[in-house]
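J.: Give the three-dimensional model of this entry:
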Amino acid sequence: MISIWKKEMRSLSAGFVGVLYVAAALFLFGIYFYVINLYQGMAHVSYSFASCVTLFMVTIPVLTMRSFSQEFHDRTDQLLFTAPVSTVRIVLGKYLAMLTYFLIPVLPAAGYPLLLTSYGDVALTESYTTLLAYILYGMAAIAIGMFISSLTRSNVIAAVITAVVLFVLQTVSGFGEMLGVAFLQKLFSVFDMQSRFLAMETGVFSLRSLLYFLSVAAGGILLTILRLKILQGQLSVLRGLPYLLVPVGLLFLNIGAELLPDSVTEHDLAVRDYQQLTEQTKMLLRDLNDDVTIYIYGREETTDVNVVKMVKNYCEYPHLRAEYMDPQLSPEFTRMHKGLDEGSLIVESGEHRRTISAGGIYTYSDESMQEYGMAPDGFDLEGQLTSAIDYVTSGSVPKVYQVTGHGELLLEGGFKESIIRENVDLETLSIVSAGSVPEDAQCLFILAPDEDYSAEEIGAIRDYLSRGGNLYVLLKWREEPTERLNGLLSELGIRVEQGIVSETNEDIYFQEPYYLIPEIQSTAVTEKVAGNLALSVMTVGMKAEDKDIQVILETGENAFLKKDPHTSETSEWEAGDEKGKYILGLYREQVVNTSADHTEGAADVTKTGRIVVFGSPFMTQDSIDTYISGVNRKLFAEIFSKLVNHPVRIAVEPKSYAYQYVTVSLADARFFGIILSGVLPGLVLLAGLILLILRRRR
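T.: Okay, here's the model as predicted:
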């Protein structure tokens, strides 16, 4: 068998078929990885592997068409069959040689998920279970192609029939659904290879799929052996009976696997330990001085296991205890909390309490997912429990205001949720109506106004800052700049430029020159998220005119300013565009002396006001944050916790079951795309061509 394997390896190389297959497979792996993962930023390399499977109908026939049809065409089959090697070993040797060539491009592709981890959180388990399914599917497809090659003398006919058969096996489930006949759907499902592949694409190790693909591969090898024995006249009815036991045994094994429960055959390898507490929760619990009781409405044995484990982790800290309240054995508790769903939690400390609904413990990207019984995409108990514990043990709730009346954006979605979890009271404020900024304002939001503020409103904001107020501002490019707002920022040492920042350095932007991905710098409000890449879109450039300003985000030296991006025909540099380094986000502290009760004659106290300004109006938008895997939201939450004087950030993000996006600069995407889809396949073709020329010269 080894000699046959070596002969076939030489044949595949000499005929250029094997080299062509390896180059084609590497190109497909590389181009899909570039488009889906590097350029579009998808965190699932499994999508790329799955896309390559759909092209098996093209690649596998190239690899298998010559396996036996070429022997028949060249009339070398008799020489092969008279060699001192059994038919079984001949077939296995040829099959293993094709499988070897099939696996060669898989080896570099196995490193693609690890390469992507440099740019974010990657679905490694899903990627590698999909790659395993890809290999199993390939093993089955090669066996089918080899059998078809044994039926004809023509390579072309073998390739065409193999392509048609593989196409049918990929799409047969759709035919069954289209006909709508239950019996035919069951029958067609026997031949459905695609659904077996998809069963492993989400990180599930499926014994059913494993057994099915191995059975198809074994069946293809067996049929090839029988076909060759018939051609040699070696097979009689009695001699053929033992061979029939193999497919019968495989059939019963697959039927048995279908009858087993999913708990035995399906193993979700992607499940991570979502019950572990984050460091910020641990810091809060270590500093806790008040006793807190967590009541779980239900019995421990019937409560969600994830809830039980996480609550136990909380109760490892002093001042925390948990108590299960059985609805049947605790009538007084049930009466006090009418309408409480079983599985809900109540966090209590002294006179303060907060309820966590059982229906809100898991998150769903779409409300209909829960309605139709679909699996959740996140686990949110820690975020709610940590926020609840802080709420019931804190003495006061800070108030923050969003300025309105000039077309400003309002915090929504995940960014608003981050505010709420910091246990603050969020309200809107019309300075025109109120006449001033309220004394209880812990922070003021001015989010991308469409119109400028009046002199009176700017005066009210200036007065608020003079009292040590905190300000968070998002800028927005307008044809007519907000002169008064820009003037206020100028008083703080912040010069706002009239134009949108674009980049020439492809390492610092994502897909488009206006989609900048600068690294977060370490400042007094960003040290815990420093080093991550943020996404700043359509950003107004700024310059610092005060030494106290700390830069959060900035461009490289080769950035430039588009004065009028709406009328520019290109985002590339043009004559008149100002080149230079621009600030995209900044932080400034200003120490002010103010009276303790704001009355004349009262003793002065020193307060530190914090001002944060970002040039992009999209810094608090979920739609943009999705592309950066939540980094913008983490940056916002970290800054906001400092603005409301929380020593530890309270807002803990939901623990997502789903990976979203990685952020790859355009330069890196192009570099690896060229290497993986161009250079690597090209080198393989070149090496094969050189070997072919050298062999022919001999």
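
J.: show me what contacts Glu572?
T.: Ser502, Thr504, Pro513 (Cβ atoms under 8 Å, 6 or more residues apart in numbering). For every residue, glycine as well, the C-beta is placed using N, CA and C.

J.: cutoff 10 Å now
T.: Glu572 makes contacts with Ser502, Thr504, Pro513, Phe560, Lys562, as judged by Cβ atoms under 10 Å, 6 or more residues apart in numbering.

J.: Disregarding flanking residues, what is the spatial nearest neighbour of Thr100?
T.: In this structure, Thr100 finds its nearest non-sequential neighbour in Met9, 6.7 Å apart by Cβ to Cβ, 6 or more residues apart in numbering.

J.: same thing with Leu124?
T.: Counting by Cβ to Cβ, 6+ apart, Pro113 is the residue found nearest to Leu124 once chain neighbours are left out, at 5.3 Å.

J.: circling back: for Val246, state which of the contacts of Glu572 is nearest.
T.: When the contacts of Glu572 are ranked by distance to Val246 (Cβ to Cβ), Pro513 comes first, at 61.4 Å.

J.: Could you give me the buried positions within the lengthiest strand in the chain?
T.: In the chain, with assignment by DSSP state E, the single longest strand is strand 583-595. Buried residues in strand 583-595, counting neighbours by 16 or more other Cβ atoms under 10 Å, are found at Ile583, Leu584, Gly585, Leu586, Tyr587, Arg588, Gln590, Thr594.

J.: buried set for stretch 679-686?
T.: Leu680, Pro681, Val684, Leu685.

J.: Please save the CA atoms from it in PDB.
T.: Output in PDB follows, covering the C-alpha atoms of stretch 679-686 (Å, rounded to 0.1, in the frame of the first residue of the first chain):
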ATOM      1  CA  VAL A 679       1.800  34.600  -3.200                       C
ATOM      2  CA  LEU A 680       1.300  31.300  -1.500                       C
ATOM      3  CA  PRO A 681      -0.700  29.600  -4.300                       C
ATOM      4  CA  GLY A 682       1.700  31.200  -6.800                       C
ATOM      5  CA  LEU A 683       4.700  29.700  -5.100                       C
ATOM      6  CA  VAL A 684       3.100  26.300  -5.200                       C
ATOM      7  CA  LEU A 685       2.400  26.600  -8.900                       C
ATOM      8  CA  LEU A 686       5.900  27.800  -9.600                       C
END
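
J.: any chance of the buried residues of stretch 679-686 in JSON lines, plus pLDDT?
T.: Formatted as JSON lines, the buried residues of stretch 679-686 follow (pLDDT from 0 to 100):
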{"residue": "Leu680", "pLDDT": "94"}
{"residue": "Pro681", "pLDDT": "94"}
{"residue": "Val684", "pLDDT": "91"}
{"residue": "Leu685", "pLDDT": "90"}
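
J.: Would you format the residues you listed as a markdown table with distance to Gly405 included?
T.: Below are those laid out as a markdown table (distance: Cβ to Cβ, whole Å):
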| residue | distance to Gly405 |
| --- | --- |
| Leu680 | 58 |
| Pro681 | 59 |
| Val684 | 64 |
| Leu685 | 65 |
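
J.: ok, those vs Leu26, which is closest?
T.: Set against Leu26, the nearest of those by Cβ to Cβ is Pro681 (4.4 Å).

J.: I'd like the distance between that closest one and Asn558.
T.: Using Cβ to Cβ, to the nearest Å, Pro681 is found at 33 Å from Asn558.

J.: and what of Ile458?
T.: The value you get for Ile458 to Asn558, if Cβ to Cβ is used, is 35 Å.

J.: what do you get for Asp326?
T.: Distance of Asp326 to Asn558, computed by Cβ to Cβ: 67 Å.

J.: out of the two, which sits in the busier spot?
T.: Neighbours per residue (other Cβ atoms under 10 Å) separate Asp326 from Asn558, with Asp326 holding more: 16 against 13.

J.: Phe252 versus the residue nearest to the more buried one when sequence neighbours are not counted, what's the distance?
T.: With sequence-adjacent residues excluded and distances taken as Cβ to Cβ, 6+ apart, Asp326 is closest to Arg299, at 5.1 Å. For Arg299, the distance to Phe252 (Cβ to Cβ) stands at 43 Å.

J.: List phi and psi for Tyr362.
T.: Here is the backbone geometry of Tyr362 (degrees, to the nearest 10): phi -110, psi 150.

J.: typed the wrong thing, it's Lys562
T.: phi -90, psi 110.

J.: So which residues of the stretch 401-550 of the chain form helices?
T.: Counting by DSSP state H, counting those that start in this stretch, the stretch 401-550 of the chain has helices at residues 413-421, 431-434, 455-466, 483-491.

J.: Buried ones in the third one, by neighbour count?
T.: Taking 16+ other Cβ under 10 Å as the basis for neighbour counts, the residues of helix 455-466 that come out buried are Glu457, Ile458, Ala460, Ile461, Tyr464, Leu465.
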